[in-house]
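**Q** Starting from these lines, generate the structure:
(one chain, ligands or ions: 1)
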Amino acid sequence: MSKPLPYSVKDIHYDNAKFRHRSPLKVFSQSLLTLNTKRNYASCSTWKFLIVILFFGLACLMLMSKSPNDSSANEKGKVTFVGGLRLGRLLRKPPRLPPRLSPDEGQLRGSSTYGSNSDPKWAARQQSVKDAFDYAWSGYRKYAMGYDELMPISQRGVDGLGGLGATVVDALDTAMIMGHNNIVSEAGSWVEAHLLERISQKGQVNLFETTIRVLGGLLSAYHLSGGEQGATNMTHNGPNPAVYLNVAKDLADRLLSAFNSSPTPIPYSDVILRDSTAHPAPGGMSSTAEVASVQLEFNYLSTVSGDPKYSTEAMKVLAHIKSLPKTEGLVPIYISPQSGEFVGENIRLGSRGDSYYEYLIKVWLQQGAKLNSDFTYLYDMYTEAMKGVRHLLVRKSIPNGLVFVGELPYGSKGEFSPKMDHLVCFLPGTLALGATKGLTKEKALAENLLSFEDLENLKLAEDLAKACFEMYEVTATGLAPEIAYFHTEEYSEDGLEGGNKSSMYAKDIIIKHADRHNLLRPETVESLFVLYRITKDTKYRDQGWQIFEAFEKYTKVKTGGYTSLDDVTEVPPLRRDKMETFFLGETLKYLYLLFGDDSVIPLDKFVFNTEAHPLPIRST
Ligand code: DMJ
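**A** Prediction:
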């Protein structure tokens, strides 16, 4: 008798060599082989004769037993035994699927968009997202080309990120993925004509923001436009991919001053681009998330440039953080570049903490996801941290039990705060990715790859995604606030509801006046995208569509572009005057991918940096 299945896969779709279904024909031919090898019966001529007869009989049956009353089946070429067993099915080879193109191959072969969408409903919805991207870009191009961001109400541009035309670079790979060739051409030409000069002239930029948006955008554009295959293969509009790489190197060389000027492996937060110098932020501290979320980009740059210096500097940060004391794997949100130590006790997965956890697992995945490698410590740090999250930060709201992640502003000995930034909504996607390593849940289960802990993380991912979606559903506009509080036994406040009286979570979610804005952020749709890819549960697509419709309804500006909102709990909502670069770089990209084909930027071949710029996983 076989042993009971391991706990983690008991009662679930299970498939390994031992339990896999085998076709009767295979069973038959294997039995013959077994007979042959085990007992040497085939040396007996009688047995040989019988086997030949058996095969002959089988062949005759196949030809003669076409069921007369199964004409439709016959039309389709199915051959059946009288008893109903479909011999055709036994003999037919698995269908030959068209080869799956990697995104860059798709691009290199000149397809207008990556992959195809066979479902007309989702194809139409995907097209709506593509149109929204076009609308956002057109508004930006008309009023703000070359500025960092569009102010759509004032119809002008603003440089909030140092003046490197951040929207152009953030949007570029989204345009490539969508097959928006005109936009690729416009954005690419702008990069070629202006960006190097800008970089050499501009003053202060933030190391993290510039790395994730500009450096990440350039590197992704380099890869997607066929850079690693060499320029001759390029079919994309826009410049030779080498242009993107050269600009990326120039930028990264200057950004390296943040590492080189610091007395510890922890970089300073700000860089003066024109003279390649760096200094700490006012107050002296760097954010933990910021210093630990530049490694995907610097690693990839080292790979494609052949110069290890970028990766070496960036990875020293993570190796250093490994040696610091933590609270069940959780870390404070500030770190000092002077001392190299964490500062304060504020632990959260929202602002200043978020992408530290994201990059632990993604850098490990980028480097081939091998256990017992130089990068295993990242996997261990991630695993410990997620255990810490489950133990110290996860709670349920009342009355209806939404699972959320709170904060520990005074460390693990201090009081728990039921506050959750929208930024935390990256976590469901990261947890799901960490659990299956980018495979579908079905495949990971079939290959027996999920530990008990992976399954727990996947469950938590789904629960948290629900809370993130309900942060949208609970408001009058259907758009999430920047921050929500959750009603618990220790904490409640009346009169701070989201404005959607029909939401069953109206009493669970509390939205303070100061937190009611929406900046067109991507985190929830990012997680819906990853969870859809991994679980194939269509509810994630439906939820993404609902969110997209709310963006269309309340944030689209008649004269061009989309805008942030001041208050999502009122209809019509008060508007702010900014279209953040990540609306084009992340939000619309994730929505487009959510409604599209899974073979486009597959999650086991690419990691998305924290600004949604896909970078290839090192091939093993
Ligand atoms: C983006 O710039 C990145 O996703 C970052 O990690 C967090 N914040 C914004 C989007 O909300």
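**Q** I'd assumed Y491 was in contact with I398.
**A** No - counting by CB atoms under 8 Å, Y491 is not a contact partner of I398; they are 9.8 Å apart. Yep, even glycine has a C-beta here, placed from its N, CA and C like the rest.
**Q** so what's T211 up against?
**A** By CB atoms under 8 Å, 6 or more residues apart in numbering, the contact set of T211 is L255, S293, V294, E297, F298.
**Q** measure it to the ligand for me?
**A** 11 Å (CB to the nearest ligand atom, to the nearest Å).
**Q** With G217 instead?
**A** 11 Å.
**Q** try E149
**A** E149 is 12 Å from the ligand, by CB to the nearest ligand atom.
**Q** in the sheet, who's paired with that residue?
**A** V158 (DSSP bridges).
**Q** residue boundaries of the helices in the stretch 401-550 of the chain?
**A** Here the stretch 401-550 of the chain has its helices, by DSSP state H, counting those that start in this stretch, at 427-436, 441-446, 452-473, 523-535, 539-555.
**Q** Look at the closest residue to K322 other than its chain neighbours and say how many residues are nearby.
**A** Nearest non-adjacent residue to K322, counting by CB to CB, 6 or more residues apart in numbering: Y377, 5.3 Å away. Counted with other CB atoms under 10 Å, the neighbours of Y377 add up to 15.
**Q** now what about the helix or strand where Y377 lies, what contacts it?
**A** Taking DSSP states H and E as the criterion, Y377 maps to helix 376-388. With contact meaning CB under 8 Å, 6+ apart, helix 376-388 is reached by 318-319, 321-322, 326-331, 357, 360-361, 363-364, 369-371, 431, 434, 453, 457.
**Q** Pull the contacting residues for whatever residue of the stretch 101-250 of the chain ends up closest to the ligand.
**A** Residue nearest to the ligand within the stretch 101-250 of the chain: I212 (6.0 Å; CB to the nearest ligand atom). Residues in contact with I212, defined by CB under 8 Å, 6+ apart, are S293, V294, E297, N609, T610, E611, H613.
**Q** Using a markdown table, lay out those together with distance to the ligand.
**A** Below are the contacts of I212 laid out as a markdown table (distance: CB to the nearest ligand atom, whole Å):
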| residue | distance to the ligand |
| --- | --- |
| S293 | 7 |
| V294 | 11 |
| E297 | 12 |
| N609 | 9 |
| T610 | 4 |
| E611 | 5 |
| H613 | 10 |
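**Q** Out of the residues you listed, who's the most crowded?
**A** H613 (32 neighbours).
**Q** and the stretch 501-620 of the chain, which residues reach the ligand?
**A** By CB under 6 Å from any ligand atom, the residues of the stretch 501-620 of the chain that approach the ligand are R521, P522, E523, F582, E586, T610, E611.
**Q** Low-confidence bits of the stretch 401-550 of the chain, can you list those?
**A** By pLDDT under 70, the stretch 401-550 of the chain has no low-scoring segment.
**Q** Just give me the neighbour total for whatever residue of it ends up closest to the ligand.
**A** Relative to the ligand, the nearest point of the stretch 401-550 of the chain is R521 (3.9 Å; CB to the nearest ligand atom). Neighbours of R521 under the rule other CB under 10 Å: 22.
**Q** Am I right that it is in contact with Y590?
**A** No - the criterion here is CB under 8 Å, and R521 misses it with Y590 at 10.8 Å.
**Q** got the residues of the protein near the ligand?
**A** D354, S355, L423, R521, P522, E523, F582, E586, T610, E611.
**Q** all strands of the stretch 151-300 of the chain, in order?
**A** 156-158, 204-206, 270-272, 277-279, 286-287 (DSSP state E, counting those that start in this stretch).
**Q** Could you single out the most deeply buried of these?
**A** strand 286-287 (a mean of 24; mean count of other CB atoms under 10 Å).
**Q** and it, what does it pack onto?
**A** strand 334-335 (3 or more CB pairs under 8 Å, 6 or more residues apart in numbering; DSSP states H and E).
**Q** Contacts made by the strand it packs on with the rest, please.
**A** 266, 285-288, 291, 321, 341-344, 346, 352.
**Q** mind checking how far that strand is from the chain centre?
**A** 26 Å (CA atoms, centre = their mean, to the nearest Å).
**Q** element containing the residue of the stretch 351-500 of the chain found nearest the ligand?
**A** Here the residue of the stretch 351-500 of the chain nearest the ligand is S355; by CB to the nearest ligand atom that distance is 4.5 Å. Taking DSSP H and E as the criterion, S355 maps to helix 354-366.
**Q** Now do that helix and helix 523-535, the angle between them.
**A** 30 degrees (axes from the mean of the first three to the mean of the last three CA atoms, to 10 degrees).
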